[in-house]
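J.: this one's sequence-less:
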């Protein structure tokens, strides 16, 4: 019975702040990919921008799996914002750096 009480206890404040911040982390990857894509003057640079963009999906997918496994939802709309930022900048990358698509 004690184990159930421990698992339902709320997370400490720092853990909650980290949890919420991780949902917004894809925006850092998209910003970096746009900067690299704009500054790159070769196909290799555009390919690097795509890899950085694709890496932005990793934290969002991991947080989604974590949330499903533990039944937690983000308190802020960071998950939806992170998803829309990735989709929007995926379109931007496709328009401006389609020649560097790595796959």
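T.: Nice, thanks for sending it over. Since we're looking at a predicted model, the values are computed, not measured.
J.: quick one, strands of this structure?
T.: For the chain, strands defined by DSSP state E do not occur.
J.: just checking, what packs against the lengthiest helix in it?
T.: In the chain, taking DSSP state H as the definition, the longest helix is helix 78-96. Applying 3 or more Cβ pairs under 8 Å, 6 or more residues apart in numbering; DSSP states H and E, one finds that helix 78-96 makes contact with helix 13-24, helix 26-39, helix 43-55, helix 57-70. Yep, even glycine has a C-beta here, placed from its N, CA and C like the rest.
J.: and it with helix 13-24, angle?
T.: Helix 78-96 runs at 30 degrees relative to helix 13-24, counting by axes from the mean of the first three to the mean of the last three Cα atoms, to 10 degrees.
J.: most centrally placed residue in this structure?
T.: residue 26 (2.7 Å; Cα atoms, centre = their mean).
J.: Which pLDDT value belongs to it?
T.: Model confidence at residue 26, given as pLDDT, is 85.
J.: wait, what's in contact with it?
T.: Counting by Cβ atoms under 8 Å, 6 or more residues apart in numbering, residue 26 touches 56, 57, 59, 60, 82, 83, 85, 86.
J.: Please tell me which one of the residues you listed counts the most neighbours.
T.: residue 82 (25 neighbours; other Cβ atoms under 10 Å).
J.: shaky segments in this protein?
T.: Within the chain, the stretches with pLDDT under 70 are 1-14, 75-76, 100, 103.
J.: end-to-end on stretch 48-63?
T.: For stretch 48-63, the first and last residues are 24 Å from each other (Cα to Cα, to the nearest Å).
J.: And it, what's buried?
T.: 48, 49, 50, 52, 53, 54, 56, 59, 60, 63 (16 or more other Cβ atoms under 10 Å).
J.: Among those, which one lies nearest to residue 97?
T.: residue 49 (5.5 Å; Cβ to Cβ).
J.: Could you find the closest non-adjacent residue to that closest one?
T.: Leaving aside its sequence neighbours, residue 49 sits nearest to residue 37 (Cβ to Cβ, 6 or more residues apart in numbering; 3.5 Å).
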